[in-house]
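Participant: output the structure for:
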Amino acid sequence: MVVLAALGLAGCSQSRVDNLLIACPTLSLPSDVADLSRHRPGTPPDLSTLLLDARIQALDGACRGARRGEGVSVSLAARFQVERGPAGTERSVDLPWFIAIVEDGTETILNRQTFVQRVTFAPNTTVAAVTSPRVELVFPLRAERRIQDHRIMVGFLLTPEELALNRTRGPR
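Facilitator: Have a look, this model is predicted:
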């Protein structure tokens, strides 16, 4: 078995073998920003006013050496599931979301990028799933800051009311 594994690796280029040894930052999906329940504006949040209910189902991340050995490149995609609510009439909805690079220990946000994921419902359906395009993040190498000292946080961009609702009902 060990010989087969060694033979399998013998066909890899050195850069592919080096990528097996690269450390990656931790991916984080905090429960209070993993769900988005959007209600009709100006109405109390109940089932009859629900426009959409979305959640980030999964994160797919991979690390490799950046070009010219200048750091670590992280490729990340998010998978969303959306259910149109009773008050939802639109065929397409836009989901605002973010990726933030956070320094572990201090919780300082070093960088944040925002995105909008369009989701289109097929005819006669109320549920849709979509995966975002991959986002590339490059972490430069520096002696004073290791890749393991960072965390990549992903979540929905929420209004204060949407965040309060998530915190009240807890993780789903």
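
Participant: any idea of the mean pLDDT in the host helix or strand of Arg38?
Facilitator: Per DSSP states H and E, Arg38 falls inside strand 35-39. Averaging pLDDT along strand 35-39 yields 96.

Participant: got the angle for the helix or strand just after it vs strand 35-39?
Facilitator: Counting by DSSP H and E, the next helix or strand C-terminal to strand 35-39 is strand 50-65. Using axes from the mean of the first three to the mean of the last three C-alpha atoms, to 10 degrees, the direction of strand 50-65 lies 150 degrees away from that of strand 35-39.

Participant: mind listing what's buried in the next helix or strand after strand 50-65?
Facilitator: Using DSSP H and E, the helix or strand that follows strand 50-65 in sequence is strand 71-84. Of the residues in strand 71-84, those buried by neighbour count under the rule 16 or more other C-beta atoms under 10 Å are Gly71, Val72, Ser73, Val74, Leu76, Ala78, Phe80, Val82, Glu83, Arg84. (C-beta placed from N, C-alpha, C; glycine too.)

Participant: do the same with stretch 37-48
Facilitator: Ser37, Arg38, His39.

Participant: send me that stretch as PDB with only the CA atoms.
Facilitator: In PDB, the C-alpha atoms belonging to stretch 37-48 read as follows (Å, rounded to 0.1, in the frame of the first residue of the first chain):
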ATOM      1  CA  SER A  37     -34.800  35.700   6.600                       C
ATOM      2  CA  ARG A  38     -36.100  38.700   4.700                       C
ATOM      3  CA  HIS A  39     -39.600  40.100   5.400                       C
ATOM      4  CA  ARG A  40     -41.700  42.700   3.600                       C
ATOM      5  CA  PRO A  41     -40.400  46.200   4.600                       C
ATOM      6  CA  GLY A  42     -42.400  47.900   7.300                       C
ATOM      7  CA  THR A  43     -44.200  44.800   8.500                       C
ATOM      8  CA  PRO A  44     -43.700  42.600  11.600                       C
ATOM      9  CA  PRO A  45     -41.600  39.500  11.000                       C
ATOM     10  CA  ASP A  46     -44.000  36.600  10.700                       C
ATOM     11  CA  LEU A  47     -44.700  33.900   8.100                       C
ATOM     12  CA  SER A  48     -47.200  36.000   6.100                       C
END
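
Participant: residues contacting it, please?
Facilitator: Contact with stretch 37-48 is made by 49-54, 85-87, 161-162, 165-166, as judged by C-beta atoms under 8 Å, 6 or more residues apart in numbering.

Participant: farthest-apart pair in these, please.
Facilitator: Farthest-apart pair in the contacts of stretch 37-48 is Pro86 and Asn166; separation 19.9 Å (C-beta to C-beta).

Participant: tell me which of those two has more neighbours.
Facilitator: Counted by other C-beta atoms under 10 Å, Pro86 and Asn166 do not tie: Asn166 has more neighbours, with 22 against 12.
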